[in-house]
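Novice: Predicted model follows, preceded by the sequence.
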Amino acid sequence: MYYTKKRRIKKKSIIVLIVIILMIILAVIGINLYKYYTSDEYKLGQAGYSEKEIADILKFDKKYITYATEHDYEDDFIPLLREKYFLWKNYDKYIKYIDDEYGNTKVDYSRVVSLVNVGANNEPYTHTKKTDMDKGYAILVNKYTSLPEKYAPDDIVEMSNWYAYPDNRIRKDVYDAFKEMSEAAKEEGYTLIVNSSYRSYDEQKEIYDDYESNRGKEYADKYAARPDFSEHQTGLSLDIFSPGANMSNFADTETFKWLSKNSYKFGFILRYPENKEDITGYSYEAWHYRYVGKELAKKVYDSDLTYDEYYAYYLDD
Ligand SMILES: [Zn+2]
């Protein structure tokens, strides 16, 4: 009697134990299934990304992963995010530019990122904004970013004929920096001479209007900046030549080679480099230097970026 009761209890306990174990197993399976179906991997797979692509995406920051899980498959997503100068705020613009410009042809992602970052995905003088004057010597002026209306600096000084052709004026600090650079160049046997410097709003307007009335707006926009959009109006830009050189041959001179290697040490950057026309909006100008101060000039020089790209990535806010 006692013995069978004991056995029955034992049997009951075993059943209870089995049920508990089964419940635990089911719970574990359930939790894992839940985890799987709510995981980024699963969602990315559902969006259409391959295993390799998913592995790539999971290396990105959390906000990018979340974006990808919540949107349809996008074959430009990974290559764009891998670009060094990728800016998240421009993502939709990159995609639109790629769709508009590339169709089924191979996409040059670096170019897309550069162009969109500087605004050159738009036609010149469209989508313009006023530059941030709080940036001081780092202000950006280009075909999308203008000076305040009829801006004129208040520290313009006359340049001596020792450094410039007659009637050249520039901001005081820029003049001092140029003098220092000019002396350093002279010590190594090179002579620098300024051909063009500060241009007022009215002077720039006259140049532009002259081109426009004689040759039309398209021609004018190609060869002159519109007033308030010219770097020369900032009082921070100089056109520098060696004596006797001109626009067509200065790039081939030893003086230019010296300038391109050394100007940053004095706070000047080459503003319109070769093969960057679609980014800067200007043809290659070996003679046009922009003062940004020594510290920034070194950073821009080391970055190998145009100032438009550098500003868009590091300075714009
Ligand atoms: Zn110039």
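Specialist: Perfect, I can see it now. Residues are numbered from 1 along each chain as shown.

Novice: Mind telling me which residue of the stretch 51-200 of the chain is nearest the ion?
Specialist: With CB to the ion as the measure, residue 196 is the residue of the stretch 51-200 of the chain nearest to the ion, at 5.7 Å. Placement of C-beta: from N, CA and C, glycine included.

Novice: now do the chain
Specialist: residue 288 (3.6 Å).

Novice: Tell me where the model's unsure across the stretch 51-200 of the chain.
Specialist: Within the stretch 51-200 of the chain, not a single segment meets pLDDT under 70.

Novice: nearest residue to the residue of the stretch 51-200 of the chain closest to the ion other than its sequence neighbours?
Specialist: Nearest residue to residue 196, sequence neighbours excluded (CB to CB, 6 or more residues apart in numbering): residue 239, at 3.9 Å.

Novice: can you count the residues close to the one you found?
Specialist: Applying other CB atoms under 10 Å, we find 20 residues neighbouring residue 239.

Novice: list the contacts for it?
Specialist: Shown here is residue 239, whose contacts under the criterion CB atoms under 8 Å, 6 or more residues apart in numbering are 194-197, 285, 287-289.

Novice: Using neighbour counts, give me the buried entries of the residues you listed.
Specialist: With neighbours counted using 16 or more other CB atoms under 10 Å, the contacts of residue 239 contain these buried positions: 194-197, 285, 287-289.

Novice: Would you mark the buried spots in the helix or strand residue 178 falls within?
Specialist: Residue 178 belongs to helix 172-187 when assigned by DSSP states H and E. Neighbour-count burial for helix 172-187 flags 173-175, 177-179, 181-182, 185 (criterion: 16+ other CB under 10 Å).

Novice: Same check on stretch 292-300?
Specialist: 292-294, 296-297, 299-300.

Novice: Residue 105: which of those residues is nearest?
Specialist: residue 300 (31.9 Å; CB to CB).

Novice: you'd agree that closest one is up against residue 292?
Specialist: Yes - using CB atoms under 8 Å, residue 300 and residue 292 qualify as a contacting pair, with a distance of 6.7 Å.

Novice: Give the residues shared as contacts by these two.
Specialist: Counting by CB under 8 Å, 6+ apart, the shared contacts of residue 300 and residue 292 are 269, 307.

Novice: residue contacts, the residue of the stretch 51-200 of the chain closest to the ion?
Specialist: Counting by CB under 8 Å, 6+ apart, residue 196 has contacts 168, 232, 238-239.

Novice: one step back: tabulate the buried residues of helix 172-187 (a markdown table), appending distance to the ion.
Specialist: What follows is the buried residues of helix 172-187, written out as a markdown table (distance: CB to the ion, whole Å):
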| residue | distance to the ion |
| --- | --- |
| 173 | 18 |
| 174 | 13 |
| 175 | 16 |
| 177 | 16 |
| 178 | 14 |
| 179 | 19 |
| 181 | 16 |
| 182 | 17 |
| 185 | 19 |
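
Novice: tell me the secondary structure for the residue nearest to residue 196?
Specialist: Three-state call for residue 239 (DSSP: H, G, I helix; E, B strand; the rest coil): strand.

Novice: Can you check which helix is longest in this structure?
Specialist: In terms of residue count, the longest helix belonging to the chain (DSSP state H) is helix 2-37.

Novice: what packs against that helix?
Specialist: For helix 2-37, not one helix or strand is in contact under the criterion 3 or more CB pairs under 8 Å, 6 or more residues apart in numbering; DSSP states H and E.

Novice: Just the C-alphas of stretch 304-314, formatted as PDB.
Specialist: Once non-C-alpha atoms are left out, stretch 304-314 reads as follows in PDB (Å, rounded to 0.1, in the frame of the first residue of the first chain):
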ATOM      1  CA  ASP A 304      43.700  67.500 -50.800                       C
ATOM      2  CA  LEU A 305      40.100  68.800 -51.100                       C
ATOM      3  CA  THR A 306      38.900  71.900 -52.800                       C
ATOM      4  CA  TYR A 307      37.900  74.600 -50.300                       C
ATOM      5  CA  ASP A 308      34.200  74.100 -51.200                       C
ATOM      6  CA  GLU A 309      34.500  70.400 -50.300                       C
ATOM      7  CA  TYR A 310      36.500  71.100 -47.200                       C
ATOM      8  CA  TYR A 311      34.000  73.700 -46.000                       C
ATOM      9  CA  ALA A 312      31.000  71.500 -46.700                       C
ATOM     10  CA  TYR A 313      32.400  68.600 -44.700                       C
ATOM     11  CA  TYR A 314      34.300  70.200 -41.900                       C
END
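
Novice: Would you mark the buried spots in that stretch?
Specialist: Neighbour count says stretch 304-314 has 305-313 buried, by 16+ other CB under 10 Å.

Novice: ok now do residue 311, which residues does it touch?
Specialist: 138, 140.

Novice: by how many degrees do the helix holding residue 178 and strand 237-241 diverge?
Specialist: Orientation check (axes from the mean of the first three to the mean of the last three CA atoms, to 10 degrees): helix 172-187 against strand 237-241 gives 20 degrees.

Novice: following helix 172-187, which helix or strand comes up?
Specialist: Scanning onward from helix 172-187 (DSSP H and E), the first element met is strand 193-196.
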